[in-house]
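*Asks:* any chance you can model this:
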Amino acid sequence: MKKVRCAIYTRKSSEEGLEQDFNSLHAQREACAAYILSQASEGWSLLPGEYDDGGLSGGTLERPALQRLLADIEAGRIDIVVVYKVDRLTRSLLDFSKLVETMDKAGTSFVSVTQSFNTTNSMGRLTLNMLLSFAQFEREVTAERIRDKIAASKARGMWMGGNPPLGYRPDGRSLAVVEEHAGIVRHVFERYRALCNVRLVAEELAGDGILTPRREATTGRITGGRPFSRGQIYKLLANPVYIGAIHHKGQVHAGRHEAIIDRETWEAVQQALAENLQGQRTGERARAPSLLAGKLADEAGDAMVAAHAVKGTVRYRYYVSRCLQHGGDANRSEPTEALRIPAREIEAAVTTMLAKAFDDPLALLEKLEVPFQGESLQRIIARAQTLGSKVQRRDRPTFRSLVAGVVIERKQVCVDLASAALCTALHIDRPPSSPDVITLIEPMQLTRTGHALKLVQQNGRAVSAGTPDAGLVEMLRKGRAWWMQLQDGHTDIAGIARAEKVNDSWVSRLVRLNFLAPAIIEAILAGTQPASVSAASLRCADLPMAWDEQLAMFGF
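*Replies:* Residues are numbered from 1 along each chain as shown. Have a look, this model is predicted:
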């Protein structure tokens with residue numbers, strides 16, 4: 001008879017009574033041990049290890065004994081987990097689904113001794129799915145009631161939470177004016193009314209040293225303390241909260257809070273905004289539309305704008321820190337280097353991060369605080385796969401709707417996804433508790449190769465691997481063409497240099513690329529070369545001729 005290894009898990013929410021000689025944990029363990037003993041004829045045997053969490057809530061998986069239990073399950077040491085009641089494992093449907101998934105992967109079942117709940121047989125698994133379905137139904141009904149209450153409360157002018165707009169702080173179900181910041185809001189409205197140009201307002205604010213207030217999120221991430229971006233100013237100018245109103249799903253209701261801006265100023269600013277509206281270019285007819293235009297910033301908070309340069313027949317796209325177009329680094333508020341990075345680098349990085357996120361929809365749902373159950377999960381996974389495919393095809397509408405912002409730092413890239421757009425794309429209801437954005441963070445080193453900046457992953461590969469570098473490919477093409485001309489015997493290096501209007505050294509170095517190791521050439525054409533392979537390194541004067549030395553030099 002096969003031996004079935006059983007582990008008992010017990011939990012008590014409060015610490016009250018734990019000091020007693022016989023407490024709730026002991027009672028749970030005795031009941032579970034007796035059940036295991038009753039199944040001895042089936043080969044069940046109790047493992048000696050104890051997994052007891054005393055004084056810990058079932059609303060989180062961060063429990064020492066539970067983590068040890070999961071580690072032993074993943075290590076294949078446990079066949080069945082026995083609990084007194086299902087809620088001893090967790091009270092969260094989302095966490096419960098994660099536990100079931102972990103157990104399924106390891107081939108582990110669990111049994112609840114007081115609820116006739118046993119996933120070792122088909123009836124138990126049916127019961128599990130029914131339990132998940134009813135729990136999900138209850139959560140969805142609760143979510144609908146919450147949404148209805150929020151809509152009704154906002155219609156009555158109540159503030160229903162979230163990050164308060166600049167110039168206000170939460171005050172119960174209303175907002176209270178923070179006079180220090182309200183002065184900034186009034187100043188922004190007045191200057192836009194006078195200038196009718198958001199860019200000029202932003203430059204004027206930066207010149208006057210007026211920065212966004214610093215805020216610390218519950219995660220510890222600090223925002224603010226930087227110059228106002230044009231996007232922030234547009235959002236501020238269009239927010240009806242400043243005239244004492246509350247907006248909800250396209251409707252504006254009279255609020256209970258004090259207005260910061262008078263009606264006359266508000267209407268004048270809205271009229272100026274409408275007259276200046278130029279619309280957003282779709283970029284559909286562009287040869288290579290800039291996917292992240294208007295959404296990218298460097299570490300100092302300076303917006304990065306799309307730019308390009310043409311050399312011969314090759315068009316090179318870049319994202320450039322705005323200060324480089326308006327006076328250089330001297331205009332920066334923080335002592336960090338302004339950036340000029342190839343578009344292919346950062347667009348490839350964001351594409352990789354989004355594709356990775358859609359490969360793990362459970363993690364996305366957790367960040368969105370969205371509950372789910374087995375049946376709906378399969379549909380969500382399918383939609384996430386569809387979104388992942390669109391992202392990898394660089395589908396512009398998908399990028400523009402999902403990506404709220406991207407920040408390039410020296411050692412990481414941060415991508416903010418718009419929660420509302422993400423929930424819409426996944427066809428799920430957004431919970432009231434869901435944050436406005438969820439942030440994806442990926443460690444990447446910003447390194448300089450020659451005159452260009454590259455984003456390098458922890459494995460040493462460029463993030464743009466898989467996308468051929470047009471500049472490198474063009475160098476190989478020219479080197480090959482010039483080598484063929486030399487082979488014909490009708491010209492020499494000096495003649496090619498005169499015809500191409502370059503110096504002899506340039507021709508010699510590109511011709512020498514014909515003697516690169518085949519593996520290096522194949523990698524360049526496939527876009528899979530290491531980050532160390534750059535235009536500057538290929539033109540290196542001491543490039544070895546031996547193929548094995550070349551491969552070692554470039555880290556193949």
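
*Asks:* number of nearby residues for the nearest residue to Ala420 once chain neighbours are set aside?
*Replies:* Leaving out its chain neighbours, the residue that sits closest to Ala420 by C-beta to C-beta, 6 or more residues apart in numbering is Arg430, at 5.9 Å. Every C-beta, even on glycine, is put in place using the N, C-alpha and C of the backbone. Using other C-beta atoms under 10 Å, Arg430 is surrounded by 18 other residues.

*Asks:* ok so Arg430 is a helix residue?
*Replies:* No: counting by DSSP: H, G, I helix; E, B strand; the rest coil, Arg430 is located in no helix; its state is coil.

*Asks:* you'd agree it is up against Asp436?
*Replies:* No: checked against C-beta atoms under 8 Å, the pair Arg430 and Asp436 is beyond contact range at 10.0 Å.

*Asks:* please identify every residue contacting each of the two.
*Replies:* 419-420 (C-beta atoms under 8 Å, 6 or more residues apart in numbering).

*Asks:* on the three-state scheme, Val320 is what?
*Replies:* Val320 - assigned by three-state DSSP - is strand.

*Asks:* can you name the residues bridging to it?
*Replies:* Val305, Arg340 (DSSP bridges).

*Asks:* Provide a list of residues in contact with it.
*Replies:* Contacts of Val320 (C-beta under 8 Å, 6+ apart): 304-305, 307, 338-340.

*Asks:* as TSV, the residues you listed with distance to Thr108 and neighbour count would be great.
*Replies:* Formatted as TSV, the contacts of Val320 follow (distance: C-beta to C-beta, whole Å; neighbours: other C-beta atoms under 10 Å):
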residue	distance to Thr108	neighbour count
Met304	49	27
Val305	54	16
Ala307	56	15
Ala338	54	19
Leu339	49	23
Arg340	53	15
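
*Asks:* of those residues, the lowest pLDDT goes to which?
*Replies:* Sorting those by pLDDT puts Ala338 at the bottom of the list (72).

*Asks:* that one is in what secondary structure piece?
*Replies:* Under DSSP states H and E, no helix or strand contains Ala338.

*Asks:* once you drop chain neighbours, what's closest to it?
*Replies:* Ala338 sits nearest to Ser321 (C-beta to C-beta, 6+ apart), 3.8 Å away.

*Asks:* how about the helices in the stretch 251-400 of the chain?
*Replies:* For the stretch 251-400 of the chain, helices defined by DSSP state H, counting those that start in this stretch occupy the ranges 263-276, 343-358, 361-368, 374-392, 396-402.

*Asks:* who wins for proximity to Leu46 among the ones you listed?
*Replies:* helix 374-392 (30.2 Å; C-beta to C-beta).

*Asks:* what are the C-alpha coordinates of the closest one, in CSV please?
*Replies:* C-alpha atoms of helix 374-392 as CSV (Å, rounded to 0.1, in the frame of the first residue of the first chain):
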residue,chain,number,x,y,z
GLY,A,374,-11.8,29.3,-11.6
GLU,A,375,-14.1,29.8,-14.5
SER,A,376,-13.5,33.6,-15.0
LEU,A,377,-9.8,33.1,-14.5
GLN,A,378,-9.6,31.0,-17.7
ARG,A,379,-11.2,33.8,-19.7
ILE,A,380,-8.9,36.4,-18.1
ILE,A,381,-5.9,34.4,-19.0
ALA,A,382,-7.0,34.1,-22.6
ARG,A,383,-7.6,37.9,-22.8
ALA,A,384,-4.2,38.5,-21.2
GLN,A,385,-2.6,36.3,-23.8
THR,A,386,-4.3,38.4,-26.6
LEU,A,387,-3.1,41.6,-25.0
GLY,A,388,0.4,40.1,-24.8
SER,A,389,0.3,39.3,-28.5
LYS,A,390,-0.8,42.9,-29.3
VAL,A,391,2.0,44.3,-27.2
GLN,A,392,4.6,42.2,-28.9
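
*Asks:* if anything else comes up later, I'll come back, but that's it for now.
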